[in-house]
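Undergrad: okay, sequence plus prediction incoming.
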Amino acid sequence: MDTFSTRIRYSLSLLIAFVLLNSGIVNGASKDLPNIILIFVDDMGYADIGPFGARDYPTPNLDKLAQTGRCFTDFHVSAPVCSASRSALMTGVLNVRLGINGAYSPKVEVGLNPNEMTIAELVKQKGYATAAYGKWHLGHHPKFLPTSQGFDEYHGIPYSNDMWPQHPRYAGLALDDPKRFEVYKPLPFLHDETVVHQDLQPEDQALLTRWATESAQSFIDRNHKNPFFIYLPYSMVHVPIYASDRFLGKSGAGLFGDVVMELDWSIGEIVGSLEKYGVRDNTLIIFTTDNGPWASYGDHAGSAGIYRGHKHTSFDGGTRVPTIFNWPARIPANTSCDLLASTIDILPTIAHLIDAKLPAHKIDGRDIRSLMFDQANTESPHAFFPQYGKGELQAIRSEHWKLVFPHKYGTLGAGKSGGTNGFPAPYESFTAEFALYDLDTDPAETTDVKDQYPEILKQLSDAADEYRKELGDALTKTKGNHLRHPGKLEAGDDRLIWDSKWFITQ
């Protein structure tokens, strides 16, 4: 072999390796790609943080995030309930198209279909390190957990923190009464696919926020030299609410205020970690929530502000969520966007930001980079936006118009307040009227104007008919022709199972 040629090839290989290392390109990742932190708070209402109206307790870190970023004031979830909302966020697909319409119980044997592409799988194309810390709620068996859906690591609870034997429905029963375990089993805590705590107690729940935050900080410590994606689906402020000792009584506004203050502290800690390693300016932080407040829990629930409705309803109080996009190097500071956008837009927007390929199958989200970066917001990418609940097309949006279709919903009666000290008040059943609302002049959805605007009524009605054909509608008993299905356990799949009391892995 020609030794001169060999030396040349060897020298070139060393040069290429040096360039790659110093440019930050390792395993397909580039240090020029932004880090991404997606914070998804559970059951937090539109008016529960300072930038969106909270005044009973301070949220200085979220205030600063808004002051150095952009607030989205007309940002909506796909559905106002846990699993449905999370499935849409992770995939950029309307939850009804995915066949996920409610909140998964610990007894289900389904989950987010592995054929769907998650945000974590999307960013993996560019070599990102990925992690999720908090509440997953998209299937608790191993094939559906985060580590099977693109995440390198996961710490958290597999579903809602009220799905445990200490649910208020069992008040008065002894802690070991078998009736407590007929519906819910002990609440587990997982590391990846391994149960590391079989039976969380109240003192453990009080640490859930801190654990998730510290896990995120550790991940930044270990991965700050290359691009990373962290998903933080905090389990609070979903009931039962808990704060660590450090925050109990700190807000002066009751336990709910204490819990929000601990979440705000968490934001500050994570930003501090970014600053420590000099990556703050190149990190996109997205803060949003999974639906509006759970009003029946009264003093343990938040507020939707001026908006009608709450969690489980398709009124804006259920679907409109407080949202902040912050990226110091790119997003104009102290600005806002009042155009319609949604959590389903996050996946395609990230794809365009990092030049990743979108999934081959249909998604419903839109690229909203123009809403993030432009000083003068132009128009929403959504000509129409359907709002489904329980597989029913309950409403449809267009610009500032909203058409609501008759459907049943539960809420507190007129003049009635929610429960106290973690116990819910009962809802009453009501029927929403067929109504058109102008949200610019009537954000609380109180005055029907369909007779004044027949052309708008027709446009929205026609668009709704098209969605019914595509996605179905349980209200009109229409079967959609472009639906997909959640994943199912198959023979031979590993699963997390219970014996009579303890949650174990098998």
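TA: Here it is on my side, so go on. The model shown is predicted, which means the values in this text are computed figures rather than measured ones.

Undergrad: assumed Pro386 was part of a helix.
TA: No: using DSSP: H, G, I helix; E, B strand; the rest coil, the assignment for Pro386 is strand, not a helix.

Undergrad: return the per-residue confidence for it.
TA: On the pLDDT scale, Pro386 is placed at 98.

Undergrad: how near is it to Thr319?
TA: Separation of Pro386 from Thr319 (Cβ to Cβ, to the nearest Å) stands at 11 Å. Quick note: C-beta positions are derived from backbone N, CA and C, even for glycine.

Undergrad: could you pull out the helices in the stretch 351-500 of the chain for me?
TA: Under the criterion DSSP state H, counting those that start in this stretch, the stretch 351-500 of the chain contains helices at 369-373, 454-471.

Undergrad: contacts for the shortest one?
TA: What it means is helix 369-373. The contact list for helix 369-373 (Cβ atoms under 8 Å, 6 or more residues apart in numbering) reads 70, 72, 325, 327, 330-332, 337, 339, 341, 349, 352-353, 377-378, 380-381.

Undergrad: and those residues, which of them are in strands?
TA: Judged by DSSP state E, the contacts of helix 369-373 include Arg70, Phe72, Phe325, Cys337, Ala341 as members of strands.

Undergrad: off-centre distance for the longest helix along the chain?
TA: Secondary structure of the chain read by DSSP state H shows that its longest helix is helix 254-276. Helix 254-276 sits 17 Å away from the centroid of its parent chain (Cα atoms, centre = their mean, to the nearest Å).

Undergrad: got the angle for the following helix or strand past it vs helix 254-276?
TA: Downstream of helix 254-276, the first helix or strand assigned by DSSP states H and E is strand 283-289. Calculated by axes from the mean of the first three to the mean of the last three Cα atoms, to 10 degrees, strand 283-289 forms an angle of 170 degrees with helix 254-276.

Undergrad: what residues does strand 283-289 touch?
TA: Counting by Cβ under 8 Å, 6+ apart, strand 283-289 makes contact with 34-45, 62, 65, 69, 75, 77, 267, 270-271, 274, 321-327, 330, 343, 346, 353, all of which sit outside it.

Undergrad: mind redoing it with 7 Å?
TA: Applying Cβ atoms under 7 Å, 6 or more residues apart in numbering, the contact partners of strand 283-289 are 34-41, 44, 62, 65, 75, 274, 321-327, 343, 346.

Undergrad: quick one on the thing from earlier: need the helices of the stretch 351-500 of the chain in JSON lines (columns: mean pLDDT).
TA: Converted to JSON lines, these look like this (pLDDT from 0 to 100):
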{"stretch": "helix 369-373", "mean pLDDT": "96"}
{"stretch": "helix 454-471", "mean pLDDT": "98"}
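
Undergrad: tell me which of the ones you listed sits most buried.
TA: Greatest average neighbour count among these goes to helix 369-373 (a mean of 19), per mean count of other Cβ atoms under 10 Å.

Undergrad: quick one, phi psi at Ile36?
TA: With angles defined as degrees, to the nearest 10, Ile36 sits at phi -130, psi 130.

Undergrad: distance of it from Leu353?
TA: Using Cβ to Cβ, Ile36 is found at 8 Å from Leu353.

Undergrad: circling back: if we only consider the ones in strands among the contacts of helix 369-373, which is nearest to Val93?
TA: When those are compared for distance to Val93 (Cβ to Cβ), Ala341 wins out at 15.6 Å.

Undergrad: okay, now the unreliable bits of this structure?
TA: Along the chain, segments meeting pLDDT under 70 span 1-31, 497-506.

Undergrad: got the domain ranges for it?
TA: Using automatic domain parsing, the domain parsing of the chain gives 29-383, 389-484.

Undergrad: just those: most buried one?
TA: Of the domains of the chain, the one with the most neighbours on average (mean count of other Cβ under 10 Å) is domain 29-383, at a mean of 21.

Undergrad: phi, psi of Leu65?
TA: Leu65 adopts backbone torsions of phi -60, psi -40, taken as degrees, to the nearest 10.

Undergrad: now do Asp494
TA: With angles defined as degrees, to the nearest 10, Asp494 sits at phi -70, psi 150.

Undergrad: that one: how many residues sit nearby?
TA: By other Cβ atoms under 10 Å, the residues close to Asp494 number 13.

Undergrad: surely it and Pro142 touch.
TA: Yes: shown here, Asp494 and Pro142 form a contact pair, counting by Cβ atoms under 7 Å, at 4.6 Å.

Undergrad: host element of Thr130?
TA: Here Thr130 sits within strand 129-135, counting by DSSP H and E.

Undergrad: which other helices and strands does that strand contact?
TA: Other helices and strands packing on strand 129-135, by 3 or more Cβ pairs under 7 Å, 6 or more residues apart in numbering; DSSP states H and E, are helix 119-124, strand 153-157, helix 208-223, strand 228-232.

Undergrad: contact partners of it?
TA: So strand 129-135 is in contact with 42, 120, 123-124, 146, 150-157, 160, 212, 215-216, 219, 223, 226, 228-235, going by Cβ under 7 Å, 6+ apart.

Undergrad: Ala444 against Tyr307, yeah?
TA: Yes: contact between Ala444 and Tyr307 holds when scored by Cβ under 7 Å: they sit 6.5 Å apart.

Undergrad: sorry, back to before: right, and the helices and strands packed on strand 129-135 - which one's nearest Gly487?
TA: helix 119-124 (14.0 Å).

Undergrad: helices or strands up against that closest one?
TA: Helices and strands touching helix 119-124, by 3+ Cβ pairs under 7 Å, 6+ apart, are strand 129-135, strand 228-232, helix 346-354.

Undergrad: in CSV, list these along with distance to Ile100.
TA: Listed next are the helices and strands packed on helix 119-124 as CSV, based on distance: least, Cβ to Cβ, whole Å:
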stretch, distance to Ile100
strand 129-135, 15
strand 228-232, 17
helix 346-354, 15
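
Undergrad: mind saving the C-alpha coords of stretch 383-392 as CSV?
TA: C-alpha atoms of stretch 383-392 as CSV (Å, rounded to 0.1, in the frame of the first residue of the first chain):
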residue,chain,number,x,y,z
ALA,A,383,-58.8,28.8,8.6
PHE,A,384,-61.0,26.5,10.8
PHE,A,385,-60.3,24.7,14.0
PRO,A,386,-62.6,21.9,15.3
GLN,A,387,-63.2,21.4,19.0
TYR,A,388,-64.1,17.8,19.9
GLY,A,389,-65.1,16.3,23.2
LYS,A,390,-65.9,12.6,23.8
GLY,A,391,-65.8,12.1,20.0
GLU,A,392,-68.5,14.8,19.5
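
Undergrad: the strand holding Thr130 pairs with which strands?
TA: With DSSP bridges as the test, strand 129-135 is paired with strand 153-157 (parallel), strand 228-232 (parallel).

Undergrad: can you tell me, leaving aside adjacent residues, what's nearest to Asp192?
TA: Spatially, and ignoring its direct neighbours in sequence, Asp192 is nearest to Thr147 (4.9 Å; Cβ to Cβ, 6 or more residues apart in numbering).

Undergrad: ok, now Thr447?
TA: Tyr437 (7.1 Å).

Undergrad: then Pro426?
TA: Closest residue to Pro426 apart from its sequence neighbours, by Cβ to Cβ, 6+ apart: Ser296 at 7.3 Å.

Undergrad: what residues does the longest helix of the chain touch?
TA: Contacts to helix 254-276, defined as Cβ under 7 Å, 6+ apart, come from residues 37, 41, 48-49, 56-62, 65, 209, 213, 216-217, 220, 234, 236-237, 241, 243-244, 247-251, 280, 283, 299-300, 302.
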